[in-house]
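Trainee: Kindly generate the corresponding structure for this input.
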Amino acid sequence: EGDLVVSEYRADYSFDGSLHESYQYEVRGSDTYRSLNRIFATPVSSTPSEKAHVTLLSSSVPQRTLAYLKDYAGVVHMKEGDDTAKKLIQERAQNNEAGALNPGYFDPGEWDISYSWKLTPPIERGSDADHLNIDLATEHIPYSGITITIPAEGVLKVYPHPVSLQVTRTDDQYILTGTASADVPLGFELVLQRGFGDGMAGEVQDLGQVSISQMAGDANPWYSSLLAEFPRFTFFVGIFMLILIPPLLFVIWYRKGREKPFTVPEHLSVIPDSSLKPWMVSLIFAGDPETL
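Mentor: Numbers count the residues shown, from 1 in each chain. The predicted structure is shown next:
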């Protein structure tokens, strides 16, 4: 995980477009990080805009740190901070990045940051259903604890990203829990009742006679869960091999690799075969064949 990890991440999404996120960062190194941030892979703005699907409504950052947003156009938004801090964000932050800045670096420990967003994502409509794909994070540090809640009304199928997230349902919502390695896409896909997207915050796009169920199923095949577990599988296989190989090599050496003792008599008990050539007898006795 390195010296920076999101030890606890919670996201609550509603069909009115509201997304509330809370991060608990665990910093394990000193004098290393001046900002703790999150980055969207889609345009982000500080006010509603036709060019951005994500709008930052508010954020809460630790005391003595500065909240900031660098929007899709590269403009830095900060309520507090001097020109030096703003210049630092301008130079170091990526577009569509929000976070907390500590010019004096974050000390080791746990730091809590929360955001409120307004999402207006595209909603695809096919011949059988509607489709929503929410990408919460693409470039990110490891998340060791994830909880995402989604309304259950109108939802026909939930595809979590990564597929290793566990999906459970209560009476009125789905809950996704688990972990995510660094830079593994985090989010979810929903197959919705056809027409349900009309009551949601977003832009409905009619795809005609496309089958949403088949399209979403093809994009999330059954074996994707096996692929998601492959790195974990290879890790444990590697550990097993590291433990197994030393004793295995010892057994092979003990049975096959050691020098075997042999008794070499001073005199032969039988007459050598007459078919042996003198040089063969020489090798047997390691002496001069003329003296035999």
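
Trainee: any idea what sits nearest the most centrally placed residue in the chain, other than its immediate chain neighbours?
Mentor: In the chain, the residue lying closest to the centroid (C-alpha atoms, centre = their mean) is residue 181, at 2.5 Å. Nearest non-adjacent residue to residue 181, counting by C-beta to C-beta, 6 or more residues apart in numbering: residue 142, 5.7 Å away. Every residue, glycine included, has its C-beta placed from N, CA and C.

Trainee: count of residues packed around that neighbour?
Mentor: Using other C-beta atoms under 10 Å, residue 142 has 17 neighbouring residues.

Trainee: Could you double-check that the residue nearest to the centre of the chain sits in contact with residue 140?
Mentor: No: taking C-beta atoms under 8 Å as the definition, residue 181 is not a contact partner of residue 140, at 9.5 Å.

Trainee: ok so, going back, which pLDDT does the model give the residue nearest to the centre of the chain?
Mentor: On pLDDT, residue 181 comes in at 91.

Trainee: Please report the distance of it from residue 148.
Mentor: According to C-beta to C-beta, to the nearest Å, residue 181 and residue 148 sit 16 Å apart.

Trainee: Please apply the same query to residue 194.
Mentor: Taken as C-beta to C-beta, the span from residue 194 to residue 148 is 24 Å.

Trainee: Which one's more surrounded, those two?
Mentor: residue 148 (24 against 16).

Trainee: After the helix or strand where the more buried one lies, which helix or strand is next? Please name it.
Mentor: Per DSSP states H and E, residue 148 falls inside strand 143-151. Downstream of strand 143-151, the next assigned helix or strand under DSSP H and E is strand 155-161.

Trainee: What pairs with that following strand, parallel or antiparallel?
Mentor: The pairing partners recorded for strand 155-161 under DSSP bridges are strand 186-193 (antiparallel).

Trainee: Contacts for the helix or strand following the strand it pairs with next, please.
Mentor: Later in the chain than strand 186-193, the nearest helix or strand by DSSP H and E is strand 203-206. For strand 203-206, the external contacting residues (C-beta atoms under 8 Å, 6 or more residues apart in numbering) are 120, 121, 122, 123, 124, 125, 130, 197, 198.

Trainee: out of these, which are inside strands?
Mentor: The strands, defined by DSSP state E, take in 122, 123, 124, 125, 130 from the contacts of strand 203-206.

Trainee: List the contacts of the fourth one.
Mentor: Think residue 125. Listed by C-beta under 8 Å, 6+ apart, the contact set of residue 125 reads 131, 194, 195, 197, 204, 205, 206, 207, 212.
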